[in-house]
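# Here is a sequence together with a model predicted from it:
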Amino acid sequence: MATVQLLNPAADTISGFEREPEWFSKLRRKALEIYRSTPPETNPLYTKYAYLSKFEDEGLTPVGEKQRGSIPAEYKDFAGKGTFFEDAKHIFIPELPDGVTVLPIAEAIEKEKVRQFILNAPVTDKFEALNLALLTGGYFIEVGRNANVEDLLHFIHVDNKEGSAEFRLNIVHLEDGAHLSLIEEKVSSSLQKKKSLFSESILVFLENAASLYYSSFEYFSPSSIYLSSRKTFTGRDSNAHWIYSYLGAALTRSRGDIIFNGQGSSAEDYEVIFGNGQQRFDVVTDLHHNVPDTSGRVTARSVLRDRSMSLLRGMIRIAENGKNTSAYLAEHGMLLSGEARCEAIPGLEILTNGVKATHSASVSQLDEEQLYYLQTRGLPREEAEKLMVLGFFDPLISRIPLDKVREKIRFQIEDKWNNELSLKADRHLDEIEFERYVKDQIKTTGSIFEGHYKYR
């Protein structure tokens with residue numbers, strides 16, 4: 001596993017922000033201790049998979065605190081109201097919609113409420129601890145009481161500094177009755193060729209009846225390392241929708257937790273993984289139902305080509321007070337190569353009765369009969385395979401409530417198929433072929449991959 005080459009292991013001090021409060025400096029030092037003392041995998045059932053998250057961090061250097069600046073000319077087309085642009089040298093904060101506050105995390109940690117948010121989300125994972133210890137940037141986003149932000153907020157991060165390591169903390173707070181939709185895009189510049197590391201922690205706090213739609217699209221360069229952790233804390237009658245796509249980076253390690261602390265709250269989490277070459281994906285999403293009358297749904301789908309590998313894990317945890325819980329966890333993989341590998345391991349921990357908990361898992365290769373059927377309709381084999389991949393992802397994508405997000409994921413999947421991922425991608429699906437295929441095949445695809453086990 002990675003060694004601490006990013007800083008001097010014997011150092012007593014850690015570089016911090018220019019005006020960093022003492023409580024946060026202490027928290028950095030405590031987080032570094034957790035990183036040093038915690039193994040990469042704490043559950044003995046999964047230690048054999050720890051190699052999936054192994055990487056070498058030698059030569060990577062934290063980028064340091066960022067400063068606001070102008071947008072490089074290459075990306076000026078993306079600037080506008082509600083569009084946040086950042087790279088290793090610049091931060092651009094645009095005009096904000098009414099009811100929205102955005103602060104760089106270096107400023108936000110001076111506020112007492114932000115201090116409480118951070119302290120109420122204790123760090124336990126090894127690389128989440130490393131992210132906090134070496135934190136270099138991030139944002140605090142707050143939406144006021146009953147504010148309905150109709151315009152999408154659009155965050156664009158461009159990794160364009162080779163040999164860099166970025167550690168970011170984003171905190172999202174929605175007050176009672178607030179609504180927010182935001183999209184994050186994380187991409188490597190065309191100039192980025194050598195290894196870099198991007199690490200992020202996301203903390204989301206939803207007050208009563210708040211709702212959040214959070215979409216994240218990642219397509220870093222094949223030499224990049226991507227580490228992600230996120231925690232969502234729900235309030236009464238709140239709801240959260242997470243959409244994550246993992247397409248780039250040599251290594252992706254993601255940890256997600258949805259903690260249901262408010263009665264009547266709900267959450268949905270959709271994850272799209274498409275790997276080729278020797279990409280590795282280690283993705284875990286857990287549901288923690290601590291109160292009655294909550295609903296959680298996690299759906300992860302992975303398509304793997306060449307020698308790529310993915311590990312899909314998740315756990316439904318229902319506490320003694322979690323009566324009337326409805327939970328669903330599905331993890332499905334499709335292999336396009338004999339050397340590709342996918343492990344799907346869902347689990348249940350249920351400490352009460354009167355609940356509905358469903359989980360499913362499957363890994364399968366392409367169906368030769370379906371391929372033959374499409375080829376008899378005049379499609380070349382490669383085109384038939386592509387349409388089957390699109391059809392495999394569609395039961396997940398079709399549930400995404402935002403039209404713009406659904407379209408973007410479909411476009412990105414086709415771009416990934418063609419190995420042409422780009423922030424400026426302008427290729428489009430052949431919608432007639434796609435709709436025809438889905439209409440003919442979607443029921444068959446569902447019957448193969450929607451099998452499940454139930455606990456009542």
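It's in.
# so where do the helices sit in the protein?
Here the chain has its helices, by DSSP state H, at 22-37, 105-108, 112-119, 126-133, 368-376, 381-397, 403-417, 431-449.
# and the longest one, what's its mean pLDDT?
Translated: helix 431-449. Helix 431-449 carries an average pLDDT of 45.
# Quick check: which of the helices of the chain is buried the most?
For the helices of the chain, the largest average neighbour count (mean count of other Cβ atoms under 10 Å) is found in helix 126-133, namely a mean of 24. C-beta coordinates here come from the backbone N, C-alpha and C atoms, glycine included.
# so what does that one touch, helix or strand wise?
When contacts are defined as 3 or more Cβ pairs under 8 Å, 6 or more residues apart in numbering; DSSP states H and E, helix 126-133 packs onto helix 22-37, strand 164-174, strand 196-206, strand 224-234.
# again, only using 6 Å
Packing partners of helix 126-133 (3 or more Cβ pairs under 6 Å, 6 or more residues apart in numbering; DSSP states H and E): helix 22-37, strand 196-206.
# what's the pLDDT at Arg317?
Per-residue pLDDT puts Arg317 at 96.
# ok, now how distant is it from Glu271?
Distance of Arg317 to Glu271, given as Cβ to Cβ, to the nearest Å: 18 Å.
# And the helices of the chain: which comes nearest Ser295?
Nearest to Ser295 among the helices of the chain is helix 381-397 (17.6 Å), distances taken as Cβ to Cβ.
# Tell me what angle the closest one forms with helix 368-376.
120 degrees (axes from the mean of the first three to the mean of the last three Cα atoms, to 10 degrees).
# For helix 381-397, the averaged confidence score.
The model assigns helix 381-397 a mean pLDDT of 86.
# now do the same end-to-end measure for stretch 280-298.
21 Å (Cα to Cα, to the nearest Å).
# Poorly predicted segments of the chain, please.
1-14, 64-82, 85-94, 160, 189-193, 421-456 (pLDDT under 70).
# if we can go back for a sec, between Arg317 and Glu271, who's got more neighbours?
For Arg317 and Glu271, the more surrounded residue by other Cβ atoms under 10 Å is Glu271, and the numbers stand at 24 against 21.
# Which residue, other than its chain neighbours, is closest to that one?
Ala300 (4.1 Å; Cβ to Cβ, 6 or more residues apart in numbering).
# what does Trp23 give?
Arg115 (6.5 Å).
# rewinding a little: quick check: the gap between the residue nearest to Glu271 and Ile258.
As judged by Cβ to Cβ, Ala300 and Ile258 stand 13 Å apart.
# what does Arg305 give?
30 Å.
# between those two, who's got more neighbours?
Ile258 (26 against 21).
# residues contacting that one?
232, 267, 287, 296 (Cβ atoms under 6 Å, 6 or more residues apart in numbering).
# What about those residues, which are in strands?
232, 267, 287, 296 (DSSP state E).
# ok, how many other residues are close to Arg399?
Using other Cβ under 10 Å, Arg399 is surrounded by 14 other residues.
# residues contacting it?
By Cβ under 6 Å, 6+ apart, Arg399 has no neighbours at all.
# From Phe17, how far off is it?
For Arg399 relative to Phe17 (Cβ to Cβ), the value is 40 Å.
# what does Phe260 give?
Counting by Cβ to Cβ - Phe260 and Phe17 are separated by 33 Å.
# who has more neighbours, these two?
Neighbour count, other Cβ under 10 Å: between Phe260 and Phe17, Phe260 has more, with 31 against 20.
# Now the more buried one: closest residue in space that isn't a chain neighbour?
Closest to Phe260 by Cβ to Cβ, 6+ apart is Thr294, at 4.1 Å.
# That neighbour - how many residues pack around it?
Thr294, neighbours per other Cβ under 10 Å, totals 27.
# Same question for Asn239.
There are 18 residues near Asn239, going by other Cβ under 10 Å.
# One more: the one 3 residues further on?
Using other Cβ under 10 Å as the criterion, Trp242 is surrounded by 22 other residues.
# mind listing what Asn290 touches?
Here Asn290 is in contact with 260-261, 319 (criterion: Cβ under 6 Å, 6+ apart).
# Between these, which sits nearest Arg280?
Of all these, Arg280 sits closest to Phe260, with 30.6 Å by Cβ to Cβ.
# I'd guessed that closest one sits against Thr234; true?
Yes. Phe260 is within contact range of Thr234, at 5.2 Å (criterion: Cβ atoms under 6 Å).
# Quick check: the gap between Leu329 and Pro122.
Counting by Cβ to Cβ, the gap from Leu329 to Pro122 is 24 Å.
# all strands of the stretch 1-150 of the chain, in order?
With strands called from DSSP state E, counting those that start in this stretch, the stretch 1-150 of the chain shows them at 61-62, 83-87, 91-92, 100-104, 139-143.
# Include distance to Cys342 and mean neighbour count when you put the ones you listed into a markdown table, please.
Listed next are the strands of the stretch 1-150 of the chain as a markdown table, based on distance: least, Cβ to Cβ, whole Å; neighbours: other Cβ atoms under 10 Å:
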| stretch | distance to Cys342 | mean neighbour count |
| --- | --- | --- |
| strand 61-62 | 33 | 17 |
| strand 83-87 | 33 | 22 |
| strand 91-92 | 38 | 18 |
| strand 100-104 | 38 | 16 |
| strand 139-143 | 34 | 23 |
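# Quick one, which of those strands gets closest to Glu166.
The nearest among the strands of the stretch 1-150 of the chain, by Cβ to Cβ, is strand 61-62 at 7.4 Å.
# residues making contact with the closest one?
Against strand 61-62 from outside (Cβ under 6 Å, 6+ apart): 134, 136, 165.
# With distance to Ile34 as new columns, can those be given to me in TSV?
What follows is the contacts of strand 61-62, written out as TSV (distance: Cβ to Cβ, whole Å):
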residue	distance to Ile34
Leu134	13
Thr136	18
Ala165	18
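# Out of those residues, which comes closest to Glu414?
Ala165 (31.6 Å).
# Would you mind measuring from that closest one to Asp159?
11 Å.
# cool, Trp23 as well?
For Trp23 relative to Asp159 (Cβ to Cβ), the value is 30 Å.
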